[in-house]
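Chemist: predicted model and sequence below, questions to follow.
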Amino acid sequence: MTTRPRKPAPGTPAPGKLPLPEVVEMKRRGDRIVMITAYDAPSARIADAAGVDLILVGDSAAMVVLGHDSTVPATMDEMLMLTRAVTRGAQRPLVIADLPFGSYQVSTEQAIETAIRFIKEAQADAVKLESAGPMLTRVRALVDAGIPVMGHIGLTPQTATMLGGFKAQGRTAEKAAQLYADALALQAAGCFAVVLEAVPAPVAARITEALDIPTIGIGAGASCDGQVLVWHDLLGLYEGRAPRFVKQYAELAPTIGAAVEQYATEVRSGAFPEERHTYAMSEEELTLFEQQLAERPIAQSAP
């Protein structure tokens with residue numbers, strides 16, 4: 001009798017899973033770290049097969065998947081559902097869940113409860129939260145609870161309004177020094193990596209040099225230890241205005257649109273489905289079926 005392989009308990013690395021300490025070792029060796037966002041199981045499987053190291057289930061899903069104008073509307077239930085889908089599809093990459101706005105800002109207790117749900121219910125390997133300052137207590141508490149944390153400074157989309165919109169951060173000496181201090185503080189609080197978003201390249205380079213943990217850049221230059229891009233931006237699937245730092249490696253939206261248009265045309269013309277797309281039955285069974293209909297007509301619903 002065959003048995004299905006047992007799924008690891010929540011929080012237990014699956015066989016073949018990239019060990020978390022290896023992420024820090026990659027920085028030490030000078031190996032570039034590849035991170036990408038994903039929001040469903042098929043995308044996670046593709047990213048896994050492509051050799052991606054880290055998958056972020058970003059609250060960017062609010063914009064690129066759910067149609068909102070910012071990341072703020074993403075809810076716990078939505079992010080948990082998306083994270084569960086990604087962890088079903090990803091085997092080797094570490095899956096990092098973005099804590100949505102409002103799920104960790106209220107208190108340290110709230111942050112712990114939220115993160116535990118992502119680890120237990122969605123089987124994420126780690127969580128990510130934005131900013132430093134008051135959030136440092138959250139980071140320390142989560143790490144003390146055994147939950148790996150990725151930090152995020154620079155442009156923090158959840159608080160973009162306070163930053164003056166989706167703009168580069170750290171462009172003055174004073175603000176650059178604050179980012180530098182925040183990165184060191186996040187490392188001291190226990191983060192295993194820090195995302196630097198929309199930060200001038202020289203500033204990101206100095207932060208990367210100062211930290212023992214990896215920096216993951218998104219619009220922060222080539223000196224970061226790794227890079228991350230949003231799935232829909234990278235593949236040309238998002239219709240909104242792409243940020244300066246986005247490189248499109250494919251333009252799939254026109255290809256997908258053409259395929260759907262051809263499908264609609266063939267359905268309307270009768271060209272689809274063809275005989276090779278249908279199922280048959282034996283002549284004998286078809287004859288019996290027709291006899292049964294003749295003997296016991298299907299009752300029509302009363303008007």
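Modeler: Nice, I can see it. Numbers count the residues shown, from 1 in each chain.
Chemist: nearest spatial neighbour of the residue most central in space within the chain, skipping sequence neighbours?
Modeler: When C-alpha atoms, centre = their mean is applied to the chain, the residue found nearest the centroid is Val57 (2.2 Å). The spatially closest residue to Val57, leaving aside those adjacent along the chain, is Thr83, at 4.5 Å (C-beta to C-beta, 6 or more residues apart in numbering). Bear in mind the C-beta positions are built from the backbone N, C-alpha and C, glycine included.
Chemist: also Arg244?
Modeler: Per C-beta to C-beta, 6+ apart, closest to Arg244 is Gly219, 6.6 Å.
Chemist: name the element the residue nearest to Gly16 when sequence neighbours are not counted belongs to?
Modeler: Leaving aside its chain neighbours, Gly16 sits nearest to Arg92 (5.4 Å; criterion: C-beta to C-beta, 6+ apart). Here Arg92 sits in a region with no helix or strand, counting by DSSP states H and E.
Chemist: need the contact list for Arg92.
Modeler: Gly16, Lys17, Leu18, Asp48 (C-beta atoms under 8 Å, 6 or more residues apart in numbering).
Chemist: surely the second one is within a helix?
Modeler: Pointing back at Lys17 there. No - according to DSSP: H, G, I helix; E, B strand; the rest coil, Lys17 belongs to no helix; its state is coil.
Chemist: pretty sure it is touching Val95, no?
Modeler: No - between Lys17 and Val95 there is no contact under C-beta atoms under 8 Å: 9.3 Å.
Chemist: before we move on, the earlier item: the residue nearest to the centre of the chain pairs with what?
Modeler: On the basis of DSSP bridges, Val57 is bridged to Ala97.
Chemist: measure it to Asp144 for me?
Modeler: Between Val57 and Asp144 the distance is 23 Å, computed by C-beta to C-beta, to the nearest Å.
Chemist: just Ala173 next, same as before
Modeler: 35 Å.
Chemist: ok, the nearest residue to Thr156 once chain neighbours are set aside to Arg268 distance?
Modeler: Nearest residue to Thr156, sequence neighbours excluded (C-beta to C-beta, 6+ apart): Glu130, at 4.0 Å. Distance from Glu130 to Arg268, counting by C-beta to C-beta: 48 Å.
Chemist: distance between the helix or strand hosting Val194 and the chain's centre?
Modeler: For Val194, the host element (DSSP H and E) is strand 193-197. Mean-position distance between strand 193-197 and its chain equals 15 Å (C-alpha atoms, centre = their mean, to the nearest Å).
Chemist: got the contact list for it?
Modeler: 23-24, 33, 128, 150-157, 169, 179, 183, 186-187, 204, 207-208, 211, 213-220, 224-226, 228.
Chemist: in helices, which of those residues appear?
Modeler: Among these, DSSP state H puts Val23, Val24, Leu179, Ala183, Leu186, Gln187, Ala204, Ile207, Thr208 in helices.
Chemist: circling back: and the pLDDT at the residue nearest to Gly16?
Modeler: Arg92 carries a pLDDT score of 97 in this model.
Chemist: quick check: it vs Gly151, distance?
Modeler: Here Arg92 is placed at a distance of 23 Å from Gly151 (C-beta to C-beta).
Chemist: do Gln105 as well
Modeler: Taking C-beta to C-beta, one finds Gln105 at 15 Å from Gly151.
Chemist: quick one: which of those two has more around it?
Modeler: Between Gln105 and Gly151, counted using other C-beta atoms under 10 Å, Gly151 has the larger neighbour count: 28 against 17.
Chemist: residues in a beta bridge with that one, which ones?
Modeler: Assessed by DSSP bridges, Gly151 has beta-bridge partners Val194.
Chemist: and the strands in the stretch 51-200 of the chain?
Modeler: All strands of the stretch 51-200 of the chain, identified by DSSP state E, counting those that start in this stretch, fall at 54-57, 94-98, 126-128, 149-154, 193-197.
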